[in-house]
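Q: Kindly return the folded structure for what I paste below:
(one chain, ligands or ions: 1)
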Amino acid sequence: MIKLYGLEISNYYAAVKAFMLEKGFQFEEVEIAPTYSEPYIELSPMGKMPFIEVDEGYLSETSAILGFLENCVPDQPMTPADPFASAKMSELLKVIELYVGNESARLVGHVFFAAELNQPVADQIKPVMVKGLAAVDRLASFSPYMMGSQVTMVDFYAYYIVMNARIIAKKVWGWDMLSEVEGLREWMQMMSQRPMIKLVDDQRNIAIAKMMDNV
Ligand SMILES: N[C@@H](CCC(=O)N[C@@H](CS)C(=O)NCC(=O)O)C(=O)O
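A: Coordinates of the predicted model:
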């Protein structure tokens, strides 16, 4: 059985978990905090969560994990069948990963863990996110899903990236990031109503509340 390693509080962990549930995978969750040290980095070389364990070995990086899981269940596709449309989905996913997710994540310490805000860094990040969101606006159709009528991998990935990025944007700049992209707010609302996403979000919210109680 697949093992999913990490902590429920993580949005990346939630993306993998929701995707696995949607695809009908049986899996076991293993609670483990990320650390850049041995032997953790043998399993997840950047010392991050989530990562999974399958018969063939360990796999980290959320987008790679989703791609692998997608290929494991070809009869229930969450990737456009057409090769070009599929590449466009990957393009969108990459834009969200690099220019929305990774950029906003540079401020996670300040927003979620009370670290001091590095204003010059924040000043660099916002313009990159604005461009990233403009690219999302160009690439996603929201009709009703990002790639059209079929829900795809990028919907699950983007939902959890945007979920955190919007909190960060609000706290650091008082910026309602969702208003940058027409249809993004409604799409977030629609995705949040999917039963598997609801389940994951409920469990994640409980884990976050527990963590806050212990602070
Ligand atoms: N690029 C990674 C990012 C995952 C990530 O940033 N995970 C965070 C938790 S939400 C983490 O492990 N942080 C610990 C660290 O960076 O040391 C992915 O796509 O999976």
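
Q: Using the three-state scheme, assign the closest residue to residue 43 other than its chain neighbours.
A: Nearest non-adjacent residue to residue 43, counting by C-beta to C-beta, 6 or more residues apart in numbering: residue 58, 4.4 Å away. The C-beta positions use only the backbone N, C-alpha and C, and glycine is treated the same way. At residue 58, secondary structure determined by DSSP: H, G, I helix; E, B strand; the rest coil is strand.

Q: switch to numbering from 706
A: Done: numbering now begins at 706, and the last item shifts to residue 763.

Q: Surely residue 763 is in contact with residue 756?
A: Yes: in this structure, residue 763 is within contact of residue 756 by C-beta atoms under 8 Å, at 5.7 Å.

Q: any shared contact partners between the two?
A: Shared contacts of residue 763 and residue 756, defined by C-beta atoms under 8 Å, 6 or more residues apart in numbering, comprise 748-749.

Q: higher neighbour count, the two?
A: Legend: neighbour count by other C-beta atoms under 10 Å for residue 763 and residue 756, higher for residue 756 (26 against 14).

Q: For the more buried one, which residues count as its bridge partners?
A: Each beta-bridge partner of residue 756 is listed here, defined by DSSP bridges: residue 710, residue 765.

Q: Distance-wise, check it relative to the ligand.
A: To the ligand, residue 756 is 8 Å away according to C-beta to the nearest ligand atom, to the nearest Å.

Q: Show me how this structure divides into domains.
A: Structural domains annotated on the chain: 707-777, 788-919, as defined by automatic domain parsing.

Q: can I get those domains in TSV with mean pLDDT?
A: Below are these laid out as TSV (pLDDT from 0 to 100):
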stretch	mean pLDDT
domain 707-777	97
domain 788-919	97
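
Q: contacting residues around the residue nearest to residue 748?
A: Taking C-beta under 8 Å, 6+ apart, we find residue 763 in contact with 747-749, 756-757.

Q: go with 10 Å
A: The contact partners of residue 763, taken as C-beta atoms under 10 Å, 6 or more residues apart in numbering, are 708, 710, 747-750, 756-757.

Q: Just the buried ones from the residues you listed, in ChimeraX syntax?
A: Only the buried entries of the contacts of residue 763 go into this ChimeraX selection, using 16 or more other C-beta atoms under 10 Å:
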select :710,748,749,756,757
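
Q: For this structure, which residues are neighbours of the ligand?
A: Proximity of the chain to the ligand (C-beta under 6 Å from any ligand atom) is limited to residues 715-717, 739, 741, 752-754, 766-768, 810.
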